[in-house]
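In: After the sequence you'll find the predicted model.
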Amino acid sequence: MRSDVVKSGIPAAPNRSLLYALGYTKEELERPLIGVVCSYNEIVPGHMNLDKIAEAVKAGVRAAGGTPVEFPAIAVCDGIAMGHVGMKYSLVTRDLIADSTEAMAMAHQFDGLVMIPNCDKNVPGLLMAAARVNVPAIFVSGGPMLAGRLNDGRRTCLSHMFEAVGAYYAGKLDADGVEEYENNACPTCGSCSGMYTANSMNCLTEAIGMALRGNGTIPAVYSARLRLAKHAGMKIMELVEKNIRPRDIMTAAAFHNAETVDMALGCSTNTMLHLPAIAHECGIELSFDMANEISERTPNLCHLAPAGDTYMEDLDRSGGVYAVMAELCKADLLDTSCLTCTGRTVAENLEGVANRDETLIRPIENPYSKTGGIAVLKGNLAPDGCVVKQSAVAPEMMVHEGPARVFDSEEEAIEAIYAGKIAAGDVVVIRYEGPRGGPGMREMLNPTSAIAGMGLDKDVALITDGRFSGATRGASIGHVSPEAASGGPIGLVEEGDRIAIDIPAHTITLKVSDEELARRKAAWVCPEPKIKTGYLARYARMVSSADRGAVLG
């Protein structure tokens, strides 16, 4: 066993003495040591139940003959961090999680790992760590929260809550109406109930083969979630016995499967940051161009919130991620020979799987659209690309041209939006919010929600070198690369410049002559860093561009 170095033989006697100090018995140390990486805390609603998940995992490990050893991973709640300096600390935790988990796993030489994440950065961070350490590993998340209900019976969720604030500033909702959303949008523990980033990534752990069926969709409050955790604890022992490792599962073909499922589900644009970063740890490069190739051949089968009015509990009832994969297999869109954490192939996992609700998961022959949920646009404004969740864009905004309204921070933009200074037809540009310029690449959910809440989501586009929450809808185009702080063209846009967006054609164009752009480039001076000390300053010096997954060099 890998753990023998810390628990077997005379040379390991000092190590054993410390393990005995923890209360472990000789019999327990003769079994495989399984690290249980738990992201439990008391500030993230998606993580408040993870102590119960960890206990269930440990029960499963013990039942299958292993010794579980729990240690923590940090987590940030993106919703609580939204709209202030805290959001700068969200994306950057992905690397802290990966680094700290790698350190713990290598320092203590566990034989296997069970990862218990839930919210936005924990899933990719722990997948990065799993790939890096490459010992047998399996994932089981905390599960999504249930959708809320307003007093009149309408279902609601966090994206509606953010849009309610915009409606208030537009005079369309009073303070009592905001409070009603506030008290009903998030009714249970769990990751927020739409196809936002957390649920997107948890679904993709199934698609890529690192989690058991139901991981992405079984609600947090269902007892089935605890049973899933116990089965994950049992399954890790089989993976250890067979020495099936993350890089055996997360192959290039598996990443292509994940991107295909991503397009069919209509996942968050943040997957375009996280999948390349995870692949990078596996020695695999995923390009923006590949995303468009996969999107062009993959129909969009689901419209969960914010694109529609259905939620994760509905997807679970309809057959979950496996049912979506089964539909995709009808058109031979997945590589079903890929190995998974079940010890079986995708084809074997999908035997007997059926789509139980064709109104929620559209049949492959009757999709919402013939192309996938995400598109990558390129042009002189974004030479290296930018990303839009096209499945959440109104038809009338798929092609748009308008004058640029330019802001050098999220705060400046939201102030103008709330003050009613943005008009129909405008293209809001928010820059110096990229991985380096932010630093930390903040999500722009407040500005996009304000625009939607004011009823302008079918008239106004928003472009940024920052990123978006999975709860964002509308013509919201992020990850503009190169970013402004790296000298990208988005830093050269001036108030009133015309910007043309053509999502079906995958283009984004700043209608300014090459000569004028060259003149502006020669006069451009990089602003002083917004943060000059601490982790964010180090991050800004090391981080790559968004089109490469914002990985650290």
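Out: Done, it's in. Everything numeric here is computed off the predicted structure, so don't read it as measured data. Numbers count the residues shown, from 1 in each chain.

In: How far away from the center of its chain is the helix or strand containing residue 296?
Out: Residue 296 belongs to helix 288-297 when assigned by DSSP states H and E. Its chain's C-alpha centre and that of helix 288-297 lie 18 Å apart, by CA atoms, centre = their mean, to the nearest Å.

In: Let's see the next helix or strand after it as PDB, backbone CA atoms only.
Out: Counting by DSSP H and E, the element after helix 288-297 in chain order, helix or strand, is helix 312-317. Output of helix 312-317 as PDB, limited to C-alpha atoms (Å, rounded to 0.1, in the frame of the first residue of the first chain):
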ATOM      1  CA  MET A 312     -32.000  20.600 -10.600                       C
ATOM      2  CA  GLU A 313     -34.600  18.600  -8.700                       C
ATOM      3  CA  ASP A 314     -36.600  18.400 -12.000                       C
ATOM      4  CA  LEU A 315     -33.500  17.200 -13.900                       C
ATOM      5  CA  ASP A 316     -32.900  14.600 -11.200                       C
ATOM      6  CA  ARG A 317     -36.500  13.400 -11.500                       C
END
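
In: After helix 312-317, which helix or strand is next?
Out: That would be, after helix 312-317 and using DSSP H and E, helix 320-329.

In: any idea which helix or strand comes after that following helix?
Out: Next along the chain from helix 320-329, counting by DSSP H and E, comes helix 346-349.

In: Distance of the residue sitting nearest the centre point of the chain relative to residue 398?
Out: Nearest to the mean C-alpha position of the chain, by CA atoms, centre = their mean, lies residue 197 at 3.5 Å. Distance, residue 197 to residue 398, using CB to CB, to the nearest Å: 23 Å. Backbone N, C-alpha and C define where each C-beta goes, glycine included.

In: Ok, residue 533 next?
Out: 44 Å.

In: So for the two, which sits in the more crowded spot?
Out: The residue with more neighbours, out of residue 533 and residue 398, is residue 398; 16 against 8, by other CB atoms under 10 Å.

In: roughly how far apart are the more buried one and residue 107?
Out: Residue 398 is 51 Å from residue 107, by CB to CB.

In: Residue 506 now?
Out: 46 Å.

In: for residue 185, same thing?
Out: With CB to CB as the criterion, residue 185 and residue 107 are 41 Å apart.

In: ok, back up a step: quick one: which of residue 506 and residue 107 has more around it?
Out: The neighbour comparison of residue 506 against residue 107 (other CB under 10 Å) goes to residue 506, with 18 against 9.

In: picking up where we left off before, who's in contact with the helix holding residue 296?
Out: 256, 259-260, 263, 272, 333, 371-376, 378, 384-385, 387, 506, 547 (CB atoms under 8 Å, 6 or more residues apart in numbering).

In: Those residues in helices, which ones?
Out: The helices, defined by DSSP state H, take in 256, 259-260, 263, 272 from these.

In: Can I get these in a markdown table including pLDDT?
Out: Below are the ones in helices among the contacts of helix 288-297 laid out as a markdown table (pLDDT from 0 to 100):
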| residue | pLDDT |
| --- | --- |
| 256 | 98 |
| 259 | 98 |
| 260 | 98 |
| 263 | 97 |
| 272 | 96 |
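
In: List the contacts of residue 132.
Out: 98, 102, 281.

In: And the first one, how far from residue 175?
Out: I take that to be residue 98. Noted for residue 98: a distance of 42 Å to residue 175, by CB to CB.

In: so who does the closest residue to residue 363 other than its chain neighbours touch?
Out: With sequence-adjacent residues excluded and distances taken as CB to CB, 6 or more residues apart in numbering, residue 363 is closest to residue 327, at 6.4 Å. Residue 327 is in contact with 264, 301, 355, 361-364, counting by CB under 8 Å, 6+ apart.

In: now residue 327: how far from residue 353?
Out: 10 Å.

In: How about residue 342?
Out: Distance from residue 342 to residue 353, by CB to CB: 13 Å.

In: Export the contacts of residue 327 to TSV and append columns for neighbour count and distance to residue 8.
Out: Compiled in TSV, the contacts of residue 327 are given as follows (neighbours: other CB atoms under 10 Å; distance: CB to CB, whole Å):
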residue	neighbour count	distance to residue 8
264	30	48
301	28	51
355	19	50
361	25	50
362	21	55
363	12	55
364	19	53
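
In: So which of the residues you listed sit within helices?
Out: Per DSSP H, the contacts of residue 327 map to helices at residue 264.

In: Including distance to residue 118, could the contacts of residue 327 go into CSV?
Out: What follows is the contacts of residue 327, written out as CSV (distance: CB to CB, whole Å):
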residue, distance to residue 118
264, 22
301, 24
355, 26
361, 23
362, 27
363, 31
364, 30
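
In: between the contacts of residue 327, which is nearest residue 202?
Out: residue 264 (15.6 Å; CB to CB).

In: Spit out the contact partners of the closest residue to the closest one other than its chain neighbours.
Out: Spatial nearest neighbour of residue 264, excluding adjacent residues (CB to CB, 6+ apart): residue 301 at 4.6 Å. By CB under 8 Å, 6+ apart, the contact set of residue 301 is 264-265, 324, 327-328, 361-364, 367-368.

In: Tell me, how many residues neighbour the closest residue to residue 155 other than its chain neighbours?
Out: Nearest residue to residue 155, sequence neighbours excluded (CB to CB, 6+ apart): residue 147, at 4.6 Å. By other CB under 10 Å, the residues close to residue 147 number 27.

In: do the one 4 residues further on as well
Out: Other residues within reach of residue 151, judged by other CB under 10 Å, total 8.

In: So in this protein, which helix runs the longest?
Out: helix 223-242.

In: what's in contact with it?
Out: 32, 34, 52-54, 56-66, 68, 111-114, 116, 136-140, 142-143, 211-212, 214-215, 218-219, 341-343.

In: Just the buried ones from those residues?
Out: Buried by 16 or more other CB atoms under 10 Å: 32, 34, 52-54, 56-62, 64, 66, 68, 111-114, 116, 136-140, 142-143, 211-212, 214-215, 218-219, 341-342, out of the contacts of helix 223-242.

In: Regarding the residue lying closest to residue 49 once chain neighbours are set aside, what is its secondary structure?
Out: In space, and not counting its chain neighbours, residue 49 is closest to residue 189: 4.7 Å by CB to CB, 6+ apart. At residue 189 the chain is in coil, as set by DSSP: H, G, I helix; E, B strand; the rest coil.

In: and what of residue 479?
Out: strand.

In: Isn't it up against residue 270?
Out: No - here residue 479 does not reach residue 270: they are 9.1 Å apart, not a contact under CB atoms under 8 Å.

In: which residues do the two both contact?
Out: residue 467.

In: Counting only helices, which of the contacts of residue 132 make the cut?
Out: Per DSSP H, the contacts of residue 132 map to helices at 98, 102, 281.

In: looking at these, which has the most residues close by?
Out: Using other CB under 10 Å as the neighbour test, the ones in helices among the contacts of residue 132 are led by residue 98, with 27 neighbours.

In: strands paired with the lengthiest strand in the chain, and their directions?
Out: For the chain, the longest strand by residue count, based on DSSP state E, is strand 399-407. For strand 399-407, the paired strands and their directions (DSSP bridges) are strand 427-430 (parallel), strand 498-502 (antiparallel).

In: Nearest to residue 152, out of those strands?
Out: strand 427-430 (32.5 Å).
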